[in-house]
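sequence first, then the predicted structure:
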Amino acid sequence: MIVLGVDPGSASTGFGLVRVSGGRLVRIESGAIRPPRNAPFPVKLQVVYRGVRDLLERRSVDEAAVEDLFQGVNPRTAARIGLVRGVVLLAAADASIPVAEYPPARVKSAVTGNGGATKEQVRFMVRRILGLSESIESTDESDALAVAICHCHRAGSGAAR
């Protein structure tokens, strides 16, 4: 099973592809979709949509998981992230990929055992779970991988932590 995890954001949308293989989790690809900084917001949405769509066309993704909104974000930011989440969900729906949604605390808990973990703690544990020797470029990328890992655990894939 191959899972796409997504950490939505208008400045940077992290993505992580994880394969469940023999009870282990293996990173296939990860990174971030970064729309032009000064682009109008509709163009940013288009860049994210096309980036996710292209990723789904290039890879044989079985399921996707998207991080839900973080509580306490200001209303304008929440609305923008909600719209980014919408285009990610649309890209998955267009590709007939089932999507699960997880709150940030559940993702952190699945990866670190602590729903209040810091981004650095999440990054550390993602590297450990996936057996990565190299560093992960951004917290958007590590958060997206964490979402994919969370889904693999919640989906009952049998993958060990």
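That came through fine.

tell me the contacts of residue 75?
Contacts here follow C-beta atoms under 8 Å, 6 or more residues apart in numbering; on that basis residue 75 touches nothing. The way it works is simple: take the backbone N, C-alpha and C, and place the C-beta from them, glycine included.

residue 99 too?
By C-beta under 8 Å, 6+ apart, the neighbours of residue 99 are 63-66, 89, 92-93.

just send those back as a markdown table, with neighbour count and pLDDT too.
Below are these laid out as a markdown table (neighbours: other C-beta atoms under 10 Å; pLDDT from 0 to 100):
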| residue | neighbour count | pLDDT |
| --- | --- | --- |
| 63 | 19 | 97 |
| 64 | 29 | 97 |
| 65 | 27 | 98 |
| 66 | 23 | 98 |
| 89 | 18 | 98 |
| 92 | 22 | 98 |
| 93 | 12 | 97 |
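
could you work out the most separated pair of the residues you listed?
Using C-beta to C-beta, the two most remote members of the contacts of residue 99 are 65 and 93, lying 14.1 Å apart.

wait, doesn't residue 53 sit right on residue 89?
No: using C-beta atoms under 8 Å, residue 53 is not in contact with residue 89; the gap is 11.9 Å.

between the two, which contacts overlap?
Overlap of the contact sets of residue 53 and residue 89 (by C-beta under 8 Å, 6+ apart) is empty.

count of residues packed around residue 60?
9 (other C-beta atoms under 10 Å).

roughly how far apart are it and residue 117?
Distance of residue 60 to residue 117, given as C-beta to C-beta, to the nearest Å: 31 Å.

was I right to think residue 63 contacts residue 151?
Yes: if you go by C-beta under 8 Å, residue 63 and residue 151 touch, sitting 6.7 Å apart.
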